[in-house]
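Asks: Sequence and predicted structure below; questions after.
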Amino acid sequence: MTPWVLRLIVANVAVFFMQRTVPVITELFVLVPAFGLVRPWSFVTYMFLHGSLGHIFFNMLSLFFFGPRVEARLGGRSFLGLYFSSGIMGAVLSIPFTPYAPIIGASGAVFGVLLAYAMFWPRDQMLIWGIVPIEARYMVLLMTALSLWGGFGGGAGGIAHFAHLGGFIGGYLFIKAMQRGSGAVKFRKQAMPITRKVESASGSLDRWRRIKRDGLHEVNRDELDRILDKIGAAGIGSLTAGEREFLDRFSAR
């Protein structure tokens, strides 16, 4: 487990036990969106409060599964920025839709982490209820649809659907802002016209895309999908020597 994921889980669990022993903590730090301006700390503190053992268990389980890989990709400081930006955006989006509903839970922040995971590894397989396989990108679309449906009256009460949606929005905006500010991305954009000419001349990209996925081991299929997604996002010039060798080896079969 990565450092900040561990610290966040420990902090959430510690606060949960404090809530059980000193109930007034929940009243002091809960978010009521309409009163956010006079209780500005609640835009952050609500993320560390939970209403039940099941509530905190599933939030922390999701953070445990998806957080470490995202933190390893972003680094600790950017991961914290993603986490808190998502949680705060969840609070902000709740203001116009559920202004007087008390909100607690790390769900908005965790949804932002899940969104980042799906942006970086869209084809990774997840299991709904531990049984039904679904790619990460489709899982996010499904959860967005359920949150919209629940938020506008179709679902059960007691769930902060707009905080979930805000978490997705905050996570998306944070990752996009990071990518725009990346020097490597700026360089690739400038070099892209040249890169495209090289791709067209060599025909390598077409050859790699003709690799038969069905004949590959599952691990190699996942690696092939990852590299092709990387090419689609950043161009053929972003490949390492090892990634090119991988593609050439399987395209030659």
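Replies: Happy to help now that I have it. Please read these numbers as outputs of a predicted model, since none were measured by experiment.
Asks: Which residue ranges make up each domain of this structure?
Replies: 3-180, 187-251 (automatic domain parsing).
Asks: any idea which of those scores lowest on pLDDT?
Replies: With a mean of 74, domain 187-251 has the lowest mean pLDDT of the domains of the chain.
Asks: give me the element the closest residue in space to residue 117 that isn't next to it in sequence is part of.
Replies: Nearest residue to residue 117, sequence neighbours excluded (C-beta to C-beta, 6 or more residues apart in numbering): residue 66, at 4.6 Å. All C-beta spots, glycine's among them, are computed from the backbone N, C-alpha and C. Using DSSP states H and E, residue 66 falls within helix 53-74.
Asks: Tell me the helices and strands packed up against that helix.
Replies: helix 3-21, helix 76-97, helix 107-120 (3 or more C-beta pairs under 8 Å, 6 or more residues apart in numbering; DSSP states H and E).
Asks: so the residue nearest to residue 117 sits right up against residue 115, yeah?
Replies: No - taking contacts as C-beta atoms under 8 Å, residue 66 lies outside contact range of residue 115: 9.6 Å.
Asks: the helices in the stretch 101-250 of the chain, which residues?
Replies: Counting by DSSP state H, counting those that start in this stretch, one finds helices in the stretch 101-250 of the chain at the ranges 107-120, 136-149, 161-181, 183-202, 204-209, 218-234, 241-251.
Asks: on that earlier part again, with mean neighbour count as new columns, can the domains of the chain be given to me in JSON lines?
Replies: Shown next, in JSON lines, are those (neighbours: other C-beta atoms under 10 Å):
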{"stretch": "domain 3-180", "mean neighbour count": "18"}
{"stretch": "domain 187-251", "mean neighbour count": "14"}
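Asks: Grab the nearest non-local neighbour of residue 247.
Replies: For residue 247, the closest residue by C-beta to C-beta, 6+ apart turns out to be residue 208, at 4.4 Å.
Asks: And residue 82, by the same measure?
Replies: That would be residue 174: by C-beta to C-beta, 6+ apart, it lies 4.9 Å from residue 82.
Asks: quick one: contacts for the one you found?
Replies: For residue 174, the contact set (C-beta atoms under 8 Å, 6 or more residues apart in numbering) comprises 81, 82, 85, 86, 112, 116.
Asks: How much space separates residue 130 from residue 40?
Replies: Residue 130 sits 40 Å away from residue 40, taking C-beta to C-beta, to the nearest Å as the criterion.
Asks: Kindly apply the preceding question to residue 29 instead.
Replies: The separation that residue 29 has from residue 40, given C-beta to C-beta, amounts to 12 Å.
Asks: ok, now residue 15?
Replies: Distance, residue 15 to residue 40, by C-beta to C-beta: 19 Å.
Asks: from memory residue 50 sits against residue 29, does it?
Replies: No - using C-beta under 8 Å, residue 50 is not in contact with residue 29, being 11.6 Å away.
Asks: what sits against residue 126?
Replies: Going by C-beta under 8 Å, 6+ apart, residue 126 touches 133, 134, 135, 136, 139.
Asks: Could you export those residues as a markdown table, including distance to residue 229?
Replies: Putting the contacts of residue 126 into a markdown table (distance: C-beta to C-beta, whole Å) gives the following:
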| residue | distance to residue 229 |
| --- | --- |
| 133 | 18 |
| 134 | 17 |
| 135 | 11 |
| 136 | 11 |
| 139 | 16 |
